[in-house]
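Trainee: Let's see this in three dimensions:
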Amino acid sequence: MLLPRWLHRARARHAAGTELLDDPAADPIAVRRSLQNIARANTLFGGTAAVLWGVERLLAARGRDLSILDLGTGAGDIPGALRAWGRDRGRTVRTFGLDRLKPAASLARSGDLPIALGCASTLPFRTDAVDVVIVSQLLHHFERDAAIGILREASRVARRGVVVADLVRSRTAAALFGLGARVLGFDEHTRVDGITSVGRGYAPDELAELFGAAGLTASYSVRPGWRIVAWGYRA
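Mentor: Okay, the predicted model is just below:
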């Protein structure tokens, strides 16, 4: 069976299950393997495209040079895509990452991404340190109050605004991810955790409520691949 029982019967959002990347003490080899497969999934299943689309909506045509901080950066694949996006548009995009997992930091650093070890709920950066903060596929790992705290911290650090790209809760999406992950040869942790992540995903009104509770004025859109993107500014 592709879907765990709770996903067949549950429609309301809850922090279902525990994922490998929730555990700071997880096996470093398993973490690296999972992060590399997540980077592949971001490219193939719309995660990277969702972030780029959100950044374009947030910034429109304002300015050329940008600094972007990616929270929970994992393998650092999304910052790499943002730098390429900037080059294609004649913009210089400086990217920084933050992750609490040492294997993730090591993997991202190998791709020339400046990265800090730390927690997204207490960012080790000054107010207005960067133009944009990205929160990609991270927020669903947290309960409501913690997610609101992360958005507040992100908005404190971001001069221009915050872009959240996450998953839409969907039984169909979970089934298709489970099938696609097997076809692509993803490791078992990534296959199981991906299905769990979809169950932790958001309906549009739920994500909008989090932005409002964090004091952000936001817009949002559902994108291909069962992705939801929200972008907002300090109210």
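Trainee: Please make it C-alpha for all contacts and neighbour counts, starting now.
Mentor: Will do.
Trainee: Show me what the longest helix along the chain is packed up against.
Mentor: In the chain, taking DSSP state H as the definition, the longest helix is helix 28-44. Other elements packing on helix 28-44 under the criterion 3 or more Cα pairs under 8 Å, 6 or more residues apart in numbering; DSSP states H and E are helix 47-59, helix 102-110, helix 188-199.
Trainee: Measure how that helix sits relative to helix 188-199, angle-wise.
Mentor: Angle, helix 28-44 to helix 188-199, by axes from the mean of the first three to the mean of the last three Cα atoms, to 10 degrees: 50 degrees.
Trainee: could you dump the helices and strands packed on helix 28-44 to JSON lines with mean pLDDT?
Mentor: Formatted as JSON lines, the helices and strands packed on helix 28-44 follow (pLDDT from 0 to 100):
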{"stretch": "helix 47-59", "mean pLDDT": "93"}
{"stretch": "helix 102-110", "mean pLDDT": "90"}
{"stretch": "helix 188-199", "mean pLDDT": "93"}
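Trainee: returning to what we had before: just the CA atoms of the longest helix of the chain, as CSV, please.
Mentor: Extracted in CSV, the C-alpha atoms of helix 28-44 (Å, rounded to 0.1, in the frame of the first residue of the first chain):
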residue,chain,number,x,y,z
PRO,A,28,24.9,11.4,8.7
ILE,A,29,25.1,9.0,5.8
ALA,A,30,21.4,8.5,5.7
VAL,A,31,20.9,12.3,6.0
ARG,A,32,23.2,13.0,3.1
ARG,A,33,21.6,10.4,0.9
SER,A,34,18.1,11.7,1.7
LEU,A,35,19.1,15.3,1.0
GLN,A,36,20.6,14.4,-2.4
ASN,A,37,17.3,12.6,-3.3
ILE,A,38,15.3,15.6,-2.0
ALA,A,39,17.3,17.9,-4.3
ARG,A,40,16.4,15.6,-7.2
ALA,A,41,12.8,15.7,-6.2
ASN,A,42,12.9,19.5,-6.0
THR,A,43,13.9,19.6,-9.6
LEU,A,44,11.6,16.9,-10.9
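Trainee: that's a strand at Pro124, yeah?
Mentor: No. Pro124: not assigned to a strand; according to DSSP: H, G, I helix; E, B strand; the rest coil it is coil.
Trainee: where exactly do the strands run in the protein?
Mentor: 66-71, 93-99, 115-117, 130-136, 158-167, 216-223, 227-234 (DSSP state E).
Trainee: Kindly reformat the ones you listed as JSON lines and extend each row with distance to Leu184, mean neighbour count and mean pLDDT.
Mentor: Putting the strands of the chain into JSON lines (distance: least, Cα to Cα, whole Å; neighbours: other Cα atoms under 10 Å; pLDDT from 0 to 100) gives the following:
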{"stretch": "strand 66-71", "distance to Leu184": "26", "mean neighbour count": "22", "mean pLDDT": "97"}
{"stretch": "strand 93-99", "distance to Leu184": "26", "mean neighbour count": "22", "mean pLDDT": "96"}
{"stretch": "strand 115-117", "distance to Leu184": "29", "mean neighbour count": "19", "mean pLDDT": "94"}
{"stretch": "strand 130-136", "distance to Leu184": "22", "mean neighbour count": "25", "mean pLDDT": "97"}
{"stretch": "strand 158-167", "distance to Leu184": "20", "mean neighbour count": "25", "mean pLDDT": "96"}
{"stretch": "strand 216-223", "distance to Leu184": "23", "mean neighbour count": "18", "mean pLDDT": "93"}
{"stretch": "strand 227-234", "distance to Leu184": "20", "mean neighbour count": "24", "mean pLDDT": "93"}
